[in-house]
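Chemist: Could you work out the structure for the sequence below:
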Amino acid sequence: RQKTEIYKRYKDFKFIDALYFHNEYPQKKHTITIVIPTDVHVDLVEFNFEGYSISKTSIVDSKNLTKTITYILENIAAYESENGSTGRDMNLPHIIMVVKSYSLKGVKTNCFESYNDFYQFLHKLNGEVEKYDEIVKDQSDRIVAGKKTDEEKVKALYYWVQDNIRYIAFEYGIAGFKPMTTKEVLDNKYGDCKAVANLLSSMLRAQGYVSKFVWIHTNYSKYDCTLPYLGIFDHAICVLYLNNKTYFLDCTESYAAFGENAYRIQGRSVMVEDGDTYIIEKIPFEDINSSKYVEATTVQIMGDKLVGATETTAKGDLKNYYIRNYHFSKSENKLNYYKQFYTKSNDNIEIASVTTSDLFNRDIPFNSKYSFELSNQVFKDESEIFVNLEFDNSFAGNSTDTLRVTDYTFDMIINYNISVALKVPVGYKVYELPPAFTVKNEYCAINIAYATVGETVVYKKSFVFPSGIIPNEKATEWVKIKKELKKYYTNQLTLIKK
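Modeler: Purely as a prediction, here's the structure:
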């Protein structure tokens, strides 16, 4: 039997953390007791209590002028870090304390009485950051030199910050909410999200554009822009208003194109700094086809191998992933980076050559072409040939992750179309095609099928996860689907002599 007590003192109400019941150890009982003086106005905002038997009591002590609220949750399993987790605030029960005001000697002092009080605190921090307008104007003039159109100038500034200022995620200043100065960022060539957002918006304004600083919480959060709590924001970007259009620019998304929004900020409400007032905007969801991946392979049987060529096209987050990982790889690995990537850790595949689209042009989809030889996919006897056209076992596995507490995320919208076309050898015909495989539910649509087109067998796979998330309550179902996929991928195509 062991009792653990932890003491933490906050000197400022604004930085009080969320109160969670779960931790890394199983617990017989977890009690959260909050004692509030009657002259302090506090809102307790409860999240994710549904499905948990949490008791709550409230006792007023008129003698000591306090109100005591007690929450109790019993028999709590240990919270373990989960692969692909969306974050604990999405699923785990917790409490946010919002200190609205307090009274001292009859004088009331507002804390976060309103959302505007919350905004004014953040706006004041930004206002304390020293401006270096001449330096910013000089640098931005040099970047846009020779550019004619507004779009060319905006792209030049946006891409320059992406390419020349190294994004380092660290908290600098008051709880990570006060940006570095533009001079510091330009001199040091690095900064966190606030720093690069402030730099880009300053450069855009220096060129006469309407651009503002934006606070946002990326997509794995229960919070929205109505709760006056610093934890509702974990990121900063900037917004550009140009030609009656609104563009959200995130400099931490290396190689993201102008006009594209990364998956992690789509659909999120944001708070835009607008002088003494604020604007609440919402970043729209991208069309699902904006993050599409297409892979088309043609193969033929040569001896006991499959010999073929593949062409891939990727847009959206996957495009950025392919380009960013190449540029972030070690110099000595760049020459053969994609050759190694496409082997997919498969010792049976040998990549002969790889060509790609321009890896410095983020305004076009990523495209690659490569040729290969694949062993151990063709099995022959005197009158039959058995061929397996499954090369990568997409989304299959032996996962036992059925008791998830948090949702699983792919960190992007999944919209894959994969095909393999096999030229049937002369003198052979298809004996039998494997059956189709189909899954359709609220979080995914999977369609896999074989078909004959003349003397060619076409194997097609389609995977669509429109939200990019597997809900935690569907974990058992998803594990079952993955196992069924793995079994399906063992199917072989049978060719017999005519």
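Chemist: For stretch 154-170, C-alpha coordinates in CSV please.
Modeler: Written as CSV, here are the backbone C-alpha positions of stretch 154-170 (Å, rounded to 0.1, in the frame of the first residue of the first chain):
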residue,chain,number,x,y,z
VAL,A,154,3.4,36.1,-51.5
LYS,A,155,4.8,32.8,-52.5
ALA,A,156,8.3,34.1,-52.5
LEU,A,157,8.0,35.3,-48.9
TYR,A,158,6.1,32.2,-47.7
TYR,A,159,8.6,29.8,-49.3
TRP,A,160,11.6,31.9,-48.2
VAL,A,161,10.6,31.6,-44.6
GLN,A,162,10.0,27.8,-45.0
ASP,A,163,13.3,27.3,-46.6
ASN,A,164,15.6,29.6,-44.7
ILE,A,165,14.2,29.7,-41.1
ARG,A,166,14.6,26.4,-39.3
TYR,A,167,11.6,25.5,-37.3
ILE,A,168,12.5,24.3,-33.8
ALA,A,169,9.6,23.5,-31.5
PHE,A,170,10.5,25.0,-28.2
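Chemist: Show residues contacting it.
Modeler: 140, 143-144, 147, 185-186, 189-193, 195-196, 199-200, 203-204, 207, 209, 240, 242, 247, 249, 251-256, 258, 362-363 (Cβ atoms under 8 Å, 6 or more residues apart in numbering). Heads up, the C-betas are built off the backbone N, CA and C, glycines and all.
Chemist: got the buried residues for that stretch?
Modeler: Val154, Lys155, Ala156, Leu157, Tyr158, Tyr159, Trp160, Val161, Gln162, Ile165, Tyr167 (16 or more other Cβ atoms under 10 Å).
Chemist: Mark which of the contacts of stretch 154-170 are buried, thanks.
Modeler: Counted by 16+ other Cβ under 10 Å, those give 140, 143-144, 185-186, 190-193, 195-196, 199-200, 203-204, 207, 209, 240, 247, 249, 251-256, 258, 362 as buried.
Chemist: which residues sit in contact with Glu82?
Modeler: Glu82 sits next to Asp401, Arg404, Val405, Thr406, Tyr408 when contact means Cβ under 8 Å, 6+ apart.
Chemist: Just give the nearest non-adjacent residue to the fourth one, would you?
Modeler: Right, the one you point to is Thr406. Ser85 (4.3 Å; Cβ to Cβ, 6 or more residues apart in numbering).
Chemist: What about that neighbour, how many residues nearby?
Modeler: 18 (other Cβ atoms under 10 Å).
Chemist: in the sheet, who's paired with it?
Modeler: Tyr408 (DSSP bridges).
Chemist: Quickly note the distance from it to Tyr338.
Modeler: Noted for Ser85: a distance of 30 Å to Tyr338, by Cβ to Cβ, to the nearest Å.
Chemist: Ok, Ser291 next?
Modeler: 20 Å.
Chemist: and of the contacts of Glu82, the nearest to Tyr321?
Modeler: Tyr408 (18.0 Å; Cβ to Cβ).
Chemist: isn't the closest one right up against Ala475?
Modeler: Yes: the pair Tyr408 / Ala475 is scored as a contact, 7.2 Å apart, by Cβ atoms under 8 Å.
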